[in-house]
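[1] Fold the following for me, if possible:
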Amino acid sequence: MSVKVNQLTKIYGSQRAVDQISFEAKKGEVLGFLGPNGAGKTTTMKILTCFIPQSEGSAEVCGFDTEKNPIDVRHHIGYLPEHNPLYKSMYVREYLRFFARLHKIRPAKKRIDELIEMTGLELEQKKLIGALSKGYRQRVGLAQAMLHNPDVLILDEPTSGLDPNQLIEIRSLIKQLGKEKTVIFSTHIMQEVQQLCDRVLIINRGKLVADDPIAALQNRISNKTMVTVEFLQKADVAKLKKINGVDGVNPLGDRQYELFANADIDFRKEVFDFAVSNQLTLLEMKKEVSSVEDIFTELTYKSEK
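    Here you go, the predicted structure:
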């Protein structure tokens, strides 16, 4: 495993910012790290990147312990923090050359050229960092995090401040990087999670409340099934309620209805048979799937009760 966390805990005074969380992340995996503000995400990332020590438990990156071997960990990890610290008085290329020297990268120019092209900084490379927009500053931070070609990338809100076109480019880059590296990133954009992640961790009040592939997350919440149907003609609601498996009907209009079941069953065949036997023309039938946002809200809300 590229990253291995076991019973990790961080205590500030009487507050347990991170409370005995355990997880693993392997090479070739994009892991989404979700949670409300103050849940413990950034604290966990800072421990993994050796910025702060844990109070209890252990964390390993590429086999190196974050407490015992912090220098080795940093060789294998690239980190883009939430508040991207940049030297604003430096030019983009100058800044990357500076970090290339720190990492002892040779030949530096070739690697810098690769990163500038990869992150879309060609037109901005000769500008002062302080003159860049927030989105381009994020790109500079991402380029710096990848400069030494680390095995593990930890990205805290990497797409913050990007415009829609930049979002597409950076998301594509993260997806590509995830094929050969371990990528752990936090975000509040649920659409991003569904597009990029192989697996999702959800943390709330320092505790891990979910660790699943996105498809499996649906089994962690309410097992109610909802199907939206639309007929060409108006249907009898009383008859709709008698369809085998249907426990509730919510009319959305004269010819559109939401049908509910209090179990994870697929009753679409019964709806089709109902339409045929009642001489109704079925225009649309769609089984609704819980979004990551629905899952996130329910899991974090439940854990607060």
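
[2] CA only for contacts and neighbour counts going forward, please
    Will do.

[3] How much space separates residue 19 from residue 9?
    From residue 19 across to residue 9, the span is 5 Å (CA to CA, to the nearest Å).

[4] Secondary structure element holding the residue most central in space within the chain?
    Against the mean C-alpha coordinate of the chain, by CA atoms, centre = their mean, the closest residue is residue 32 at 3.1 Å. Element membership of residue 32, judged by DSSP states H and E, is strand 29-34.

[5] So which elements touch that strand?
    When contacts are defined as 3 or more CA pairs under 8 Å, 6 or more residues apart in numbering; DSSP states H and E, strand 29-34 packs onto strand 182-186, strand 199-204.

[6] again, only using 10 Å
    Contacts defined by 3 or more CA pairs under 10 Å, 6 or more residues apart in numbering; DSSP states H and E place strand 29-34 against helix 41-48, strand 152-156, helix 164-177, strand 182-186, helix 190-196, strand 199-204, strand 207-213.

[7] partners of that strand, with directions?
    Strand pairing for strand 29-34, determined by DSSP bridges: strand 182-186 (parallel), strand 199-204 (parallel).

[8] how far off strand 207-213 does it point, in degrees?
    Here the directions of strand 29-34 and strand 207-213 differ by 140 degrees (axes from the mean of the first three to the mean of the last three CA atoms, to 10 degrees).

[9] would you say residue 276 is within a helix?
    Yes. Looking at residue 276 with DSSP: H, G, I helix; E, B strand; the rest coil, it is inside a helix.

[10] Verify the stated contact: it with residue 282.
    Yes. Using CA atoms under 10 Å, residue 276 is in contact with residue 282, at 8.5 Å.

[11] quick one, which of those two is more surrounded?
    residue 282 (17 against 12; other CA atoms under 10 Å).

[12] wait, the more buried one sits on residue 268?
    No. Contact status for residue 282 versus residue 268: not in contact, 11.4 Å apart, counting by CA under 10 Å.

[13] Compute the distance between residue 241 and residue 165, please.
    Using CA to CA, one obtains 46 Å as the distance from residue 241 to residue 165.

[14] So the two - more neighbours on which side?
    When neighbours are counted by other CA under 10 Å, residue 241 comes out ahead of the other of residue 241 and residue 165, with 16 against 8.

[15] so who does the more buried one touch?
    By CA atoms under 10 Å, 6 or more residues apart in numbering, the contact list for residue 241 reads 247-250, 259-260.

[16] so which of the residues you listed is the most crowded?
    residue 259 (24 neighbours).

[17] Look at that residue and report its pLDDT.
    Note for residue 259: predicted pLDDT of 92.

[18] now do residue 2
    pLDDT, residue 2: 91.

[19] give me every residue that touches it.
    By CA under 10 Å, 6+ apart, the contact set of residue 2 is 24-29, 60-64, 76-77, 151-152, 181-183.

[20] Surely residue 260 and residue 248 touch.
    Yes. Residue 260 is within contact range of residue 248, at 5.0 Å (criterion: CA under 10 Å).

[21] what's the overlap in contacts for the two?
    226, 241.

[22] just the strands in the chain please.
    Under the criterion DSSP state E, strands of the chain are mapped to 3-12, 15-25, 29-34, 56-61, 64-65, 77-80, 152-156, 182-186, 199-204, 207-213, 225-231, 248-251, 256-261, 282-288.

[23] buried sites along stretch 51-71?
    By neighbour count on 16 or more other CA atoms under 10 Å, the buried set for stretch 51-71 is 53-54, 58-62, 64-67, 70.

[24] Sorry, wrong one. I was asking about stretch 257-264.
    Quick answer for stretch 257-264 (16+ other CA under 10 Å): 257-261.

[25] what do you get for stretch 97-104?
    97, 99-100.

[26] Of those residues, which belong to helices?
    Counted as lying in helices by DSSP state H, out of the buried residues of stretch 97-104, are 97, 99-100.

[27] Go through the residues you listed and say which is closest to residue 45.
    Nearest to residue 45 among these is residue 99, at 21.0 Å by CA to CA.
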